[in-house]
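> just a sequence and a predicted model for now, questions to come.
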Amino acid sequence: PFPAYLYGLVLFFCFVMIVPNVLVAQTEVEGEVSGVWDVEGSPYLVMGSIIIPRDQMLTIEPGVVVSFETSRDSVYVYGEFQARGTEEDSIVFQNPPGGWSGFHIYSQDVIGFEYCNFETLKPYMINVHIEDATVQVDHCQMHLNGAYGHASGAIFTFMNSVIYKIRSVLDGNLTIRNCHLTEGITCSQNILIEECTGKGQIRIEGPGQNIIIRNNTFTNPAQISVPHRGSDIVISDNHIDGDVILRGIGGVVQAELLNNEITGEISLWELTEVVISGNKLYGREPSITMRGDAVAIIERNLLVSVYCAAQGEVSVRNNVFIPWNARDYAYNDASHSTLEFYNNIIYGDGVCSIIKCRDEREGSIHHNLYWGISEPFINIEPGENNIETAPLFIGGREFDYNLQAISPAKDAGDPDSPEDPDGTRADIGRYFFDRRFDHNPVIASPLRTYAKQGGNFSYSARGSDDGDEVNIDFLNLPDWLRVVERDDGEG
């Protein structure tokens, strides 16, 4: 029989023969590189900084691992660089503890990263140093790093990626689409941020021109701030768990905030010209704060309250204010700004004012509807056609602030206001009652009605079907309750 000790000896020699083949399945690189890095040569060990020369190209294929040996190593791109993995086989960039120095772009060719995973602690992984560079990042994982650009004319595009931080002080273009943001973005102009999630710490610096932030869901603590001058800024259709701060220092901030849900506060400081329209601002009070020389149009919002210490012009129209469990006002004026306040519904909790002014002043206050207000106007005289009555919202568990067909706010707005889209006189409130559609019949009646024993009991119900006749039937009534029909439109 074969001696037992020889079995072990044979296995040892087999291991010795196999191990060299495993160890040689790696490639050491440094200096100038180009060509193709494929999975057969992976992992690629970067022993020093590497350079992609001008007019040459380096392509990294799916499944490749690139490992940097020291934190001083960098990739200097003067030619063309493409690192495009796949969903099944991503490209991994590994680093020693403490990170590595990242990519430095000095090329005007298209630089592409797709399905790449950057395992590094360096805040800025991709650095652009040359004008008119184009960098595309798609389906990449940059959990602890991001990109930095300080060259004019560069084009950054980030899509479908996880990004830690971006700092772009360019006059080029920055597009961030369908990304998850784990930290913050600092940018200057020509910016599009859309369909993103995450913290949403966005700061607009420099001239701040041509900024579009739309269709994003930013979680707490989110903040969008414009600390300096800026124009053509549109923030629309976002959910923002945080604040929006516009502060025109050194110039005017011109912005539109449209159709957002904002749980924090909108703050207008210094020189601001802003339209705030169609938003739901229900998280903090006051919902809007204005200071400095603010020129603001506040229209068709659902909000709690407004505090104004501005010296500009403020027009507040067609909003629904809900100052419940908040401060004792819907609109607090601590300035001498020009104020127009009309076509608003103020639905109070019984212990608040509509407009509370610090000093006696004048304003154009007319065609508003209010309910649950203890002292409507303080230190300001209202105009005509302010109605005190219940607005008759549709209501419900998920409260609907649309108007019922029998709401007194219908066709009760300022007749000089533009007509509603259905061609009728302006309604009061955020939502107009649209006569272009066939609405369900509405019956308005008390939720609970009580009477003492031996006393009189009455119950009334009003019905409407867009002006058509409505029949109301009461079934299984007790013998002592008699129904009286009225023909005055109230029964």
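Looks like it arrived, so ask away. Numbering: from 1, shown residues only.

> so which residues of the stretch 1-150 of the chain form helices?
For the stretch 1-150 of the chain, the helices defined by DSSP state H, counting those that start in this stretch cover 4-23.

> low pLDDT regions in it?
1-25, 121, 123, 150 (pLDDT under 70).

> one more time with 90, if that's ok
Counting by pLDDT under 90, the stretch 1-150 of the chain contains low-confidence residues at 1-25, 68-73, 94-103, 108-109, 118-133, 141-150.

> just checking, next helix/strand downstream of the longest strand anywhere in the chain?
As assigned by DSSP state E, the longest strand anywhere in the chain is strand 239-258. Sequence order places strand 261-262 as the next helix or strand after strand 239-258, per DSSP states H and E.

> right, and the helix or strand after that following strand?
Using DSSP H and E, the next helix or strand after strand 261-262 towards the C-terminus is strand 266-277.

> before we move on, back to that, tell me the strands beside the longest strand of the chain, with direction?
The pairing partners recorded for strand 239-258 under DSSP bridges are strand 217-226 (parallel), strand 230-236 (parallel), strand 261-262 (parallel), strand 266-277 (parallel).

> now the element after the longest one, going C-ward?
Going back to what we said before, that points to strand 266-277. Downstream of strand 266-277, the next assigned helix or strand under DSSP H and E is strand 280-281.

> can you pull the contacts of the residue nearest in space to the middle of the chain?
With distances taken as C-alpha atoms, centre = their mean, N238 lies nearest the centre of the chain, 3.1 Å away. Contact analysis of N238 by C-beta atoms under 8 Å, 6 or more residues apart in numbering lists I213, R214, N215, N216, T217, F218, N260, E261, I262. (Glycine included, C-beta is placed from N, CA and C.)

> circling back: I'd like the strands paired with strand 239-258 laid out as JSON lines, including mean neighbour count.
Formatted as JSON lines, the strands paired with strand 239-258 follow (neighbours: other C-beta atoms under 10 Å):
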{"stretch": "strand 217-226", "mean neighbour count": "20"}
{"stretch": "strand 230-236", "mean neighbour count": "20"}
{"stretch": "strand 261-262", "mean neighbour count": "22"}
{"stretch": "strand 266-277", "mean neighbour count": "23"}
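
> burial count for G429?
28 (other C-beta atoms under 10 Å).

> which helix or strand contains it?
Assessed by DSSP H and E, G429 sits outside every helix and strand.

> how near is it to P391?
According to C-beta to C-beta, to the nearest Å, G429 and P391 sit 7 Å apart.

> can you list residues touching both of the two?
Taking C-beta under 8 Å, 6+ apart as the contact rule, the neighbours common to G429 and P391 are I345, L369, L403, A409.

> out of these, what pair is the most spread apart?
Greatest spacing in the shared contacts of G429 and P391, by C-beta to C-beta: L369 and L403 (10.2 Å).

> just to revisit the earlier point, turn the strands paired with strand 239-258 into a markdown table, including distance to F437 and mean pLDDT.
What follows is these, written out as a markdown table (distance: least, C-beta to C-beta, whole Å; pLDDT from 0 to 100):
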| stretch | distance to F437 | mean pLDDT |
| --- | --- | --- |
| strand 217-226 | 30 | 88 |
| strand 230-236 | 25 | 89 |
| strand 261-262 | 25 | 96 |
| strand 266-277 | 23 | 89 |
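
> as CSV, those strands with distance to Q201 would be great.
Formatted as CSV, those follow (distance: least, C-beta to C-beta, whole Å):
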stretch, distance to Q201
strand 217-226, 6
strand 230-236, 14
strand 261-262, 15
strand 266-277, 16
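
> which stretch among these comes nearest A330?
Among the strands paired with strand 239-258, the nearest to A330 by C-beta to C-beta is strand 266-277 (15.1 Å).

> so which residues make contact with the closest one?
Where contact means C-beta under 8 Å, 6+ apart, the residues beyond strand 266-277 that reach it are 229, 243-249, 251-259, 281, 287-301, 310.

> could you export that strand as PDB, CA atoms only?
Provided in PDB are the C-alpha atoms of strand 266-277 (Å, rounded to 0.1, in the frame of the first residue of the first chain):
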ATOM      1  CA  ILE A 266     -39.700  79.500   4.500                       C
ATOM      2  CA  SER A 267     -37.400  82.400   5.500                       C
ATOM      3  CA  LEU A 268     -37.000  85.500   3.300                       C
ATOM      4  CA  TRP A 269     -34.200  87.800   4.300                       C
ATOM      5  CA  GLU A 270     -32.800  91.100   3.000                       C
ATOM      6  CA  LEU A 271     -33.400  91.600  -0.800                       C
ATOM      7  CA  THR A 272     -35.800  88.900  -2.000                       C
ATOM      8  CA  GLU A 273     -38.300  88.800  -4.800                       C
ATOM      9  CA  VAL A 274     -40.300  85.600  -4.400                       C
ATOM     10  CA  VAL A 275     -43.500  83.900  -5.500                       C
ATOM     11  CA  ILE A 276     -44.800  81.300  -3.000                       C
ATOM     12  CA  SER A 277     -47.700  79.400  -4.600                       C
END
